[in-house]
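# have a look at this fold, sequence not included:
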């Protein structure tokens, strides 16, 4: 039966070739769109690593010129224990002000807030090879404010004051990538000891591990992430770029206005922008979804068009083969036989197109074009695309093959 | 970013990327640099793929259409029309059809762009039609009209008059 179907398809290879090509392209288009769709869905289902509810993000814009040493004087960094910069003094006062508010559960400074589009990336040359790490600076209360889950060790605290190394907290993925199954606590992230301004930078030592933290939001993939400690009590430190404030449930926008005027009173020359993280999240999700929705819409339209075209072509084929079908009916084939034959041929043609399509699609992971997509997502996408294409062609073949079963032998054999 | 030694800035945090470079980072996670060029190449490949599909579909439909018009072709051939005349006729017909389709699609895309701007799916983006895009669209419609018309026309011109008149094509 199957051998026979192949023969029938081969005998009409000219006509079938174009259908095969069409199915091949449909598969490629569908696969590309579905791959990103599945990738996003898979990301969305992974834990985020922090909670954005009831958190306000305060962005600070400040004039940095007040921290500059006057011309002619030696740079502060080279002389002994230094005075805190004017900006740092303001930041400390600002942090004190926050304690007066009843509505604030906790607050923390950070240089890059969640859902922000800014990113800080550093390449480390480690024993395991080059590791790309997303970095951020945060104060001691950041873990509480953002609801991070510390799985090993601890978050930054007073214990880190005055130690000879730079404490860092890394996420589980980074820990796996660099330290494997070993316990990373107390180990150094060995950096190329590159002297800067004559002094060797202190090494970075892991003090804690958090669950996977995805700053870029629900749709983003998981990255290596590392927090460095930002300590405002250290006179040499820079004020944070953002302050994240966790407020009590039910706090209204009226609070934001009060907070704003208090901040403005403390830091007259700075300007602030208060935005709930939930709003930033909304914007970020839309930004991520836009291209995939656009591509998806185009793909849906293409599939409808392909379905219409394919139905037309199959219909035409059946009309052309009236004689052949009539002869089969006259020789005793049942309507079911004809039905199976037409649909069977269609399945063979579809499979030809899909085999070529899969041969192309297999090259993506082989050539490492989509390294960030894991095997599970890839295999699901292939299966889903196969399923949809088979479904589509079967749907297109239903009506023409029903038409074929209605052929009356007597009429068909008369047909000129 | 690099800063000269005299610069008061020793650390830069913020958006130093264009929107497109930022988007390219989204599609190449885990890499230190963004790759706007490879994103552009990817989009171009996808666009070609997206347009090849309707072209192949059109070829398929056109071939079916010739079969329907076998009688007409047979008559024209029998009265001495050359193959080239027939190819010309068919290609011109096809380009005309795609142009009409293009015009309808242009009106449709105007509506879609307006809906897209209003929906706020892409924050702060404004979409408008302009002459450049209109010309791009027009040339694409003509190109795919030609592309999808040539093979069916060539196939049609090879029909044998006698067979065509009988209405049978193999």
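Received, thanks. These figures come from a predicted structure and were not determined experimentally.
# could you report the pLDDT at the spatially closest residue to residue A:211 that is not a sequence neighbour?
Of all residues not flanking residue A:211 in the chain, residue A:149 sits nearest, at 4.4 Å (CB to CB, 6 or more residues apart in numbering or on different chains). Bear in mind the C-beta positions are built from the backbone N, C-alpha and C, glycine included. In the predicted model, residue A:149 carries a pLDDT score of 90.
# centre-most residue in the chain?
All of this is about chain A. Geometric centre of chain A, nearest residue: residue A:220, 2.3 Å, by CA atoms, centre = their mean.
# try again with chain B
Residue closest to chain B centre, computed by CA atoms, centre = their mean, is residue B:51 at 4.0 Å.
# so what does the one helix or strand it maps to touch, helix or strand wise?
Secondary structure here is read from DSSP states H and E; on that basis residue B:51 sits in helix B:36-68. Here helix B:36-68 is seen to pack against helix A:13-45, helix A:277-320, helix B:19-26, helix B:83-119, helix B:131-157 when contacts are counted using 3 or more CB pairs under 8 Å, 6 or more residues apart in numbering or on different chains; DSSP states H and E.
# next, work out how far apart the closest residue in space to residue A:335 that isn't next to it in sequence and chain B are.
Taking CB to CB, 6+ apart, and ignoring the residues beside it in sequence, residue A:335 has residue A:405 as its nearest neighbour in space, at 3.9 Å. When CB to the nearest CB, to the nearest Å is applied, the distance between residue A:405 and chain B equals 21 Å.
# how much space separates residue A:254 from residue A:103?
Using CB to CB, to the nearest Å, we find residue A:254 at a distance of 10 Å from residue A:103.
# okay, those two: which has more neighbours?
Each of residue A:254 and residue A:103 had its neighbours counted (other CB atoms under 10 Å in any protein chain shown), and the higher figure belongs to residue A:103 (18 against 9).
# show me where the stretch 1-150 of chain A has its helices.
Taking DSSP state H, counting those that start in this stretch as the criterion, the stretch 1-150 of chain A contains helices spanning A:2-11, A:13-45, A:86-98, A:142-146.
# do the stretch 151-300 of chain A as well
When secondary structure is read from DSSP H, counting those that start in this stretch, the stretch 151-300 of chain A shows helices at A:172-179, A:253-266, A:277-320.
# sorry, back to before: what residues of whichever helix or strand comes after the helix holding residue B:51 count as buried?
From helix B:36-68 onward toward the C-terminus, using DSSP H and E, the following helix or strand is helix B:70-78. Residues B:70, B:73, B:74, B:76, B:77 are the ones in helix B:70-78 that count as buried (16 or more other CB atoms under 10 Å in any protein chain shown).
# so where is the stretch 301-416 of chain A shaky, pLDDT-wise?
Within the stretch 301-416 of chain A, the stretches falling below the threshold (pLDDT under 70) are A:415-416.
# so which residues on it come close to chain B?
With the criterion set to CB under 8 Å from any CB of the partner chain, the stretch 301-416 of chain A comes near chain B through A:302, A:305, A:306, A:309, A:310, A:312, A:313, A:316, A:320, A:371, A:372, A:416.
# between those, which sits nearest residue A:394?
Proximity of those to residue A:394 was ranked by CB to CB; the top entry is residue A:310 with 10.6 Å.
# list the contacts of the residue nearest to that closest one when sequence neighbours are not counted.
Distance criterion CB to CB, 6+ apart; nearest residue to residue A:310, sequence neighbours excluded, is residue A:396 at 4.2 Å. Contacts for residue A:396 (CB atoms under 8 Å, 6 or more residues apart in numbering or on different chains) come out as A:307, A:310, A:311, A:314, A:346.
# tell me which element residue A:396 falls in.
Counting by DSSP H and E, the secondary-structure element that holds residue A:396 is helix A:375-405.
# helix or strand right after that helix?
Downstream of helix A:375-405, the first helix or strand assigned by DSSP H and E is helix A:409-414.
# could I get the helices of the stretch 151-300 of chain A as TSV with distance to residue A:212?
Converted to TSV, those look like this (distance: least, CB to CB, whole Å):
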stretch	distance to residue A:212
helix A:172-179	5
helix A:253-266	31
helix A:277-320	17
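# need the residues of the stretch 101-250 of chain A near chain B, please.
Residues of the stretch 101-250 of chain A found near chain B (CB under 8 Å from any CB) are A:111-112, A:117-123, A:132, A:216, A:220-221, A:223-224, A:238, A:241.
# could you redo the last one with a cut-off of 7 Å?
A:111, A:112, A:117, A:118, A:120, A:121, A:123, A:132, A:221, A:223, A:241 (CB under 7 Å from any CB of the partner chain).
# out of these, which are buried?
Of all those considered here, the ones buried according to neighbour count by 16+ other CB under 10 Å are A:111, A:112, A:117, A:118, A:120, A:121, A:132, A:221, A:223, A:241.
# show me the residues you listed that map onto strands.
Secondary-structure check on those using DSSP state E: residues within strands are A:121, A:132.
# the buried ones among the residues of the stretch 101-250 of chain A next to chain B: which two are farthest apart?
Across these, the longest distance by CB to CB is 24.6 Å; it joins A:221 and A:241.
# pretty sure residue A:179 contacts residue A:185?
No - under the criterion of CB atoms under 7 Å, residue A:179 lies out of contact with residue A:185, with a separation of 9.6 Å.
# more neighbours, these two?
Relative neighbour count places residue A:179 above the other of residue A:179 and residue A:185, with 18 against 15, counting by other CB under 10 Å.
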